[in-house]
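S.K.: Provided below are the primary sequence and the corresponding predicted coordinates.
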Amino acid sequence: MAGLFVTFEGPEGSGKSTQIDLLRSALAGRNPLIVREPGGTELGERLRDLLLHSEHRMSAEAEMYLFMAARAELLASRIRPALAEGRIVIADRYHDSTLAYQGGGRRARTFWPPDFPVPDRTFLLALPSESGLERQRERGAADRLEQEPLQFHRAVAAAYEVMARDDPRRWRRLDAQLPPEELHRQVMESLQAFFEASPA
């Protein structure tokens, strides 16, 4: 039985973690695997610290390939094995983040590696950049990407909107300004067809 690969994307402060926690609780009986990017492996966590919390300056291309290296390790060690076992995998960011941040924000020439599986469903938690950054400031210290200027974050948000528009079969765009409970209801409704096709 094939697994189900669900990803959450969105700009800073869009509430991805909240929605993933709600989905984790709703699907607890199905034993979902929850992963975040970058991270989830020893290598991935080291790269996360380098990418988000160090003062190293790097080119857009170097940043892109470091994110992809962490992703490749996570795929090999955790995501692919779980999907092969028929499990649900829920990812807090995936390769669409590279297309949005390094492609849209940094203007790097991005691509989708042929050996990176495409998610079954991707949720875009859409939020105006100003609102997302205000939410982030309320949370505390910002990482390298969160500290980028407003223009960068607007470019990231615009890239997400294009991806969601161009692939409506995979993407579901949600208004992240709605109450978390309403967003969760929409997430569960969107996933219902997958659950009916592969009951627990």
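M.R.: Yes, it's here.
S.K.: now for the chain, which residue lies nearest the mean position of the chain?
M.R.: residue 93 (1.5 Å; CA atoms, centre = their mean).
S.K.: who's in contact with that one?
M.R.: Contact analysis of residue 93 by CB atoms under 8 Å, 6 or more residues apart in numbering lists 7-9, 16, 36-37. In short, each C-beta sits where N, CA and C put it, glycine included.
S.K.: rerun at 6 Å
M.R.: Residues in contact with residue 93, defined by CB atoms under 6 Å, 6 or more residues apart in numbering, are residue 37.
S.K.: List the buried residues for the lowest-mean-pLDDT helix or strand in the chain?
M.R.: When the helices and strands of the chain are scored by mean pLDDT, DSSP states H and E, helix 129-139 comes last with a mean of 82. Buried residues in helix 129-139, counted by 16 or more other CB atoms under 10 Å: 129, 132-133, 135-136.
S.K.: other SSEs contacting the helix or strand following it?
M.R.: For helix 129-139, the following helix or strand on the C-terminal side (DSSP states H and E) is helix 150-166. Contacts defined by 3 or more CB pairs under 6 Å, 6 or more residues apart in numbering; DSSP states H and E place helix 150-166 against helix 129-139.
S.K.: Let me know the angle separating the helix it packs on from helix 150-166.
M.R.: 120 degrees (axes from the mean of the first three to the mean of the last three CA atoms, to 10 degrees).
S.K.: With only the CA atoms kept, save helix 129-139 in CSV.
M.R.: Taking C-alpha atoms only, helix 129-139 is exported to CSV below (Å, rounded to 0.1, in the frame of the first residue of the first chain):
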residue,chain,number,x,y,z
SER,A,129,4.0,39.3,4.1
GLU,A,130,3.5,42.3,6.5
SER,A,131,1.2,40.2,8.7
GLY,A,132,3.5,37.2,8.7
LEU,A,133,6.5,39.2,9.7
GLU,A,134,4.5,40.9,12.5
ARG,A,135,3.6,37.5,13.8
GLN,A,136,7.2,36.4,13.6
ARG,A,137,8.4,39.5,15.5
GLU,A,138,5.9,38.6,18.3
ARG,A,139,7.5,35.2,18.6
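S.K.: Check what contacts that helix and list those residues.
M.R.: Contacts to helix 129-139, defined as CB under 6 Å, 6+ apart, come from residues 11-14, 146, 153-154, 157.
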